[in-house]
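> For reference, the sequence and a predicted model appear below.
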Number of protein chains: 2
Amino acid sequence: MKKLTNITPLENLSLVDKVEMRLKEYFKENNLKIGDSIPKELEFAEALGVSRTVIREALLRLRTIGVIESKKRKGMVLTQPDIIQNFEKAIEYNLLGEQTLTDIFELRLILEMGMADLLFARKTKEDLEELDKIVTKQEKDNIHTSFFSLEHEITFHGKLYQMSNNTTLQRFQDLLLPVFNYVHNNMTPEAKDFKYSKGTFVTHRDLLNILKEGTPEAFREAMRNHLEPHFEKVLHVVKQ
Amino acid sequence: MKKLTNITPLENLSLVDKVEMRLKEYFKENNLKIGDSIPKELEFAEALGVSRTVIREALLRLRTIGVIESKKRKGMVLTQPDIIQNFEKAIEYNLLGEQTLTDIFELRLILEMGMADLLFARKTKEDLEELDKIVTKQEKDNIHTSFFSLEHEITFHGKLYQMSNNTTLQRFQDLLLPVFNYVHNNMTPEAKDFKYSKGTFVTHRDLLNILKEGTPEAFREAMRNHLEPHFEKVLHVVKQ
DNA sequence: TTTTGTATTATGTTATACATATAAAGATAT
DNA sequence: ATATCTTTATATGTATAACATAATACAAAA
């Protein structure tokens, strides 16, 4: 049976809660689209028989999640909500629990593993050239040291996300970065100088070469190897 | 006449905007954590020299994104924001543009491809048994017809997400489902009865068997095959 | 015609009063 | 002394009214 997760009991709903629901109905019933303007606060207040205060609070909620925008004198219009921005706002307050943070850390690994097909389908000559420049510079930067550079990771992998040509994914990754850093910085020292299992260590150059001439399958396996230390961290810890 | 290029506009922030920023600072400065309670509305109003209404609007924003909760008489306390729920709210209004929707559709494909390692690391005997039941039932349901059943897809893949043992991912998928359905329903008829390229078609049973005795690598490739019609749709369309 | 002033309007902000739920204290019974 | 039942104080929730502000339309002036 389907779980009843997002249905709230009718009882202890505030007036604002009810009004918000009515507003949502109103939008649906009238099939309002992005760009449509909605009645003014006083009209809603009168129509629903509540004070302007309550209407304002309900509308403010909608504004907070980016469903409407308001302008003086002009009124309010429906807008396309920026789902990533909502995400961002919540994260800014540094109130996410440990579990959510590691969940997000895992999510990022999943994304990197899963985006291979998109990359191969959408890579352009320019992308590969730029990626080549990035890798070349990084190789110069640490000729002798093979030590893990977070900055290099971000630059290289960031470019990959960009190549996916999926704006939402890309912005999602921007958002996940701080979380990734946080979890990474909290890694145990042992985890940081992790030794790769198969001896061979897949570098950014290797990934780039596969991206140039290889296949999505090969890229996935190479990426899996490249991310091994991170996978090690999350997969070998017992989740409670 | 001289152009006014490098003159920055005066900040056009509303009072509530400013107050919200001050509140965020306040939380950071005082290093407030989940569960901590914050001063009451009137105290904030007095301290910042604005009306209670403005404070309320700023606090309401925080409440909307789930950073604080309020109770009568008790006051307000910091809470862990539910990032997925924010996402959800925005989606409920059906205002996402075509581009965002297809982005999300792609995102789901990426997730399914990328979660293999988590599945193998966290699968339990019980999970596999339950998955077996699901597959067996589905095989009975359509003995002769090999026709695409959305419901079956959801049940099977939903269980996979659940097995990932990543609550955020799981809820994320619940959220993505309606979008997935929407995009799927808008598929062209040709795309719906897509013929698999390699002749062989990876069934849920195949995926299950690999999950039981195979490797993440094998699972990924099988999943790639299983999702081929969907990938076909997104990868062979020119994005603008 | 272009600029500048002016009225209008819907949101933004303030102030005040009252309603409501409820935690906490106090009273009563066991 | 413990438990249960009132009372009370309090912080948020709601209502009302008034004014501020910015954006628009339109008239007046140049």
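Done, it's in.
> Can you name the next helix or strand after the helix or strand of chain A with the lowest mean pLDDT?
Taking mean pLDDT, DSSP states H and E as the measure, the helix or strand of chain A with the lowest value is helix A:189-192, at a mean of 56. Moving toward the C-terminus from helix A:189-192, the next helix or strand (DSSP states H and E) is helix A:204-213.
> got the buried residues for that next one?
Residues A:His204, A:Asp206, A:Leu207, A:Leu208, A:Asn209, A:Ile210, A:Leu211 are the ones in helix A:204-213 that count as buried (16 or more other C-beta atoms under 10 Å in any protein chain shown). (C-beta placed from N, C-alpha, C; glycine too.)
> Then stretch A:154-167?
Using 16+ other C-beta under 10 Å as the test for burial, stretch A:154-167 gives A:Thr155, A:Phe156, A:His157, A:Lys159, A:Leu160, A:Tyr161, A:Gln162, A:Met163, A:Ser164, A:Asn165, A:Asn166.
> Residues contacting it, please?
Applying C-beta atoms under 8 Å, 6 or more residues apart in numbering or on different chains, the external contacts of stretch A:154-167 come out as A:112, A:115, A:118-119, A:122-124, A:127, A:130-131, A:134-135, A:138, A:169-170, A:173, A:177, A:204, A:207, B:99-100, B:103, B:106-107, B:239.
> And stretch A:63-73, end to end?
End-to-end span of stretch A:63-73 (C-alpha to C-alpha, to the nearest Å): 17 Å.
> centre of the chain versus that stretch, how much separation?
For stretch A:63-73, the distance from its own C-alpha centre to the chain's C-alpha centre is 23 Å (C-alpha atoms, centre = their mean, to the nearest Å).
> Can you point out the buried residues in it?
By 16+ other C-beta under 10 Å, the buried positions in stretch A:63-73 come out as A:Arg63, A:Thr64, A:Ile65, A:Gly66, A:Val67, A:Ile68, A:Ser70.
> residues in contact with that stretch?
Stretch A:63-73 has contacts (C-beta under 8 Å, 6+ apart) with A:38, A:59, A:62, A:76-82, A:85-86, B:60-61, B:64-65, B:86, B:89-90, B:93, B:95.
> Would you write a PyMOL line that selects the buried entries of the residues you listed?
In PyMOL, this line selects whichever of these come out buried by 16+ other C-beta under 10 Å:
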select buried, (chain A and resi 38+59+62+76+78+79+80+81+82+86) or (chain B and resi 60+61+64+65+86+89+90+93+95)
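> filter the contacts of stretch A:63-73 down to the ones close to DNA strand C.
When C-beta under 7 Å from any atom of the strand is applied, the members of the contacts of stretch A:63-73 adjacent to DNA strand C are A:Met76.
> if we can go back for a sec, in helices only, show me the contacts of stretch A:154-167.
Applying DSSP state H to those, the entries found in helices are A:112, A:118-119, A:122, A:127, A:130-131, A:134-135, A:138, A:169-170, A:173, A:177, A:204, A:207, B:99-100, B:103, B:106-107.
> Please indicate which of those residues are buried?
Counted by 16+ other C-beta under 10 Å, those give A:112, A:118-119, A:127, A:131, A:134-135, A:138, A:169-170, A:173, A:177, A:204, A:207, B:100, B:103, B:106-107 as buried.
> Nearest the middle, which residue of chain A would you pick?
The structure's chain A has its C-alpha centroid closest to A:Phe172; by C-alpha atoms, centre = their mean the separation is 2.3 Å.
> quick one, what contacts it?
By C-beta under 8 Å, 6+ apart, A:Phe172 lies in contact with A:Ile84, A:Phe87, A:Leu111, B:Leu107.
> The third one against A:Leu169, yeah?
Just to be clear, that refers to A:Leu111. Yes. With contact defined as C-beta atoms under 8 Å, A:Leu111 reaches A:Leu169; the gap is 7.0 Å.
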